[in-house]
Structure formats: C-alpha cells, structure tokens
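Colleague: All I have is the shape, not the residue letters:
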C-alpha cells in the first residue's frame, strides 16, 4: 500500500446519503482512521428540528465549532483520516439554506457567514473529497431506514433545497479545481448492501488518490 501518512479524505452529502456508512466501510477496508460527525451529540439538534427558526444559528455555530476541532485533530494526526462531513457543508449548504428559507435571520446569517469565511482561510481542502449524490426519494428511504426520532419531522422541501445547494457547491468545487473529487451516485450504487458496488467505490478511490497503484 502506498504511503498515506497524513492524508485527509472527506465524505460529503445530504442527510441520509450514506456518509457515515461509507466512512466506516472505507476506513475498515484501508485501515484508515474514521472520524464521525456525532450529530446525535449536538446539544441543539433536537430543539432545531422542533423549532428551526429559533435554534438555527445556535445549531450552525455548534457544528462549525465541532468541525474545526475535528480538522485540528486530523492535522495533528500522523495517520490517514476519513472524515464524515466537511466544514464546507456548514458554510455553503446548511447556513445559506436556512437563511433563504427564512429560518435564520439576516443578522444571524451575516454574523455566521463572516465567521465561516474568516476561518475557511486556515482550512486546507482534503486530499480527496467523496460526494454522495442522491435523489430526495433515496434520501427519504434511507432516513426512514435508520429511524432517528428527531429526523421524522424533516420536510421534503428542506431536503430538496439542500440537494440543490449541494449540486451548486460541487459544481464550484470542481470548476475551481479546489481539490480531487469523486462523485458517487447513490441511486445507482448501493454500496451499503452490495459488495460489487462497494468494490466500484474502492476502485475509483484508488485511481483518484493513488493512481490505481494498490
């Protein structure tokens, strides 16, 4: 296996796209260190899904703080780390979406986004970004399958808006050549249940990250 010391692999995607599952499977296969989002531990998450407008700013700042701590852990590590969700998704997806939907005030949004952009300058892109693209029906199916009580109230229009912002962000990431990028179509690739599909993911990871030299 090539020397992977210090590499940072990140998995991005909408709620229910399979980020945690893929992170776990890839980490196990390559013996990389997984770093999970721990969304369930966010102290504002339950309140947010009950009253998005009241708790949106608190939630986003809490996630941003946690994400920065995890990035610092990655930078201090001498191991290859695969991360469940990226800091980009906080600033380019979730906060703008909440503001556009009227669920975060303009004052709170401007405060948050200025903080995000200031911090972004200190955060290098991952060595490889894996984006999980999934349609809303697929997202809903997978959200229902995992059965988290606080996700039962997620609205379809919320998922649709997030998907649109993910696509815009990924287009920008690719066009600006921010870093190496893999796009996995979750509607077509059932990596969580089919070994053949998971093998396809491994193949493209190896090709993009190491030139297929495993």
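Modeller: Sure thing, it's come through. No experiment lies behind these values; they were computed from the predicted model shown. Residues are numbered from 1 along each chain as shown.
Colleague: Checking residue 139 next. Helix, strand or coil?
Modeller: helix (DSSP: H, G, I helix; E, B strand; the rest coil).
Colleague: and the longest helix seen in the chain, what does it pack onto?
Modeller: Criterion DSSP state H: the longest helix present in the chain is helix 52-76. Judged by 3 or more Cβ pairs under 8 Å, 6 or more residues apart in numbering; DSSP states H and E, helix 52-76 is in contact with strand 33-35, helix 45-50, strand 81-84, helix 87-89, helix 95-100, helix 106-120. Backbone N, C-alpha and C define where each C-beta goes, glycine included.
Colleague: Relative to residue 129, which of those is closest?
Modeller: helix 87-89 (8.5 Å; Cβ to Cβ).
Colleague: Report all helices and strands that that closest one contacts.
Modeller: With contacts taken as 3+ Cβ pairs under 8 Å, 6+ apart, helix 87-89 sits against helix 52-76, helix 156-175.
Colleague: average model confidence for stretch 92-100?
Modeller: Averaged across stretch 92-100, the pLDDT comes to 94.
Colleague: Run through who's touching it.
Modeller: Here stretch 92-100 makes contact (Cβ atoms under 8 Å, 6 or more residues apart in numbering) with 52, 56, 60, 63, 104-106, 109, 112-113, 116, 158, 161-162, 165-166, 169.
Colleague: Pull the distance from that stretch to the chain's centre.
Modeller: Taking Cα atoms, centre = their mean, to the nearest Å, the mean C-alpha location of stretch 92-100 is offset from the chain mean by 14 Å.
Colleague: what comes up buried for that stretch?
Modeller: 92, 93, 94, 95, 96, 97, 98, 99 (16 or more other Cβ atoms under 10 Å).
Colleague: Ok, stretch 77-95 next?
Modeller: 80-95.
Colleague: Check the offset of it from the chain's centre.
Modeller: The answer for stretch 77-95 is 6 Å, by Cα atoms, centre = their mean.
Colleague: quick one: residue 187 from residue 107, how far?
Modeller: 39 Å (Cβ to Cβ, to the nearest Å).
Colleague: swap that for residue 54, please
Modeller: Distance from residue 54 to residue 107, by Cβ to Cβ: 14 Å.
Colleague: More neighbours: which of those two?
Modeller: residue 54 (13 against 9; other Cβ atoms under 10 Å).
Colleague: which residues sit in contact with the more buried one?
Modeller: With contacts defined as Cβ under 8 Å, 6+ apart, residue 54 is in contact with residue 47.
Colleague: hmm, back to that, quick one: closest of the helices and strands packed on helix 52-76 to residue 71.
Modeller: helix 87-89 (6.4 Å).
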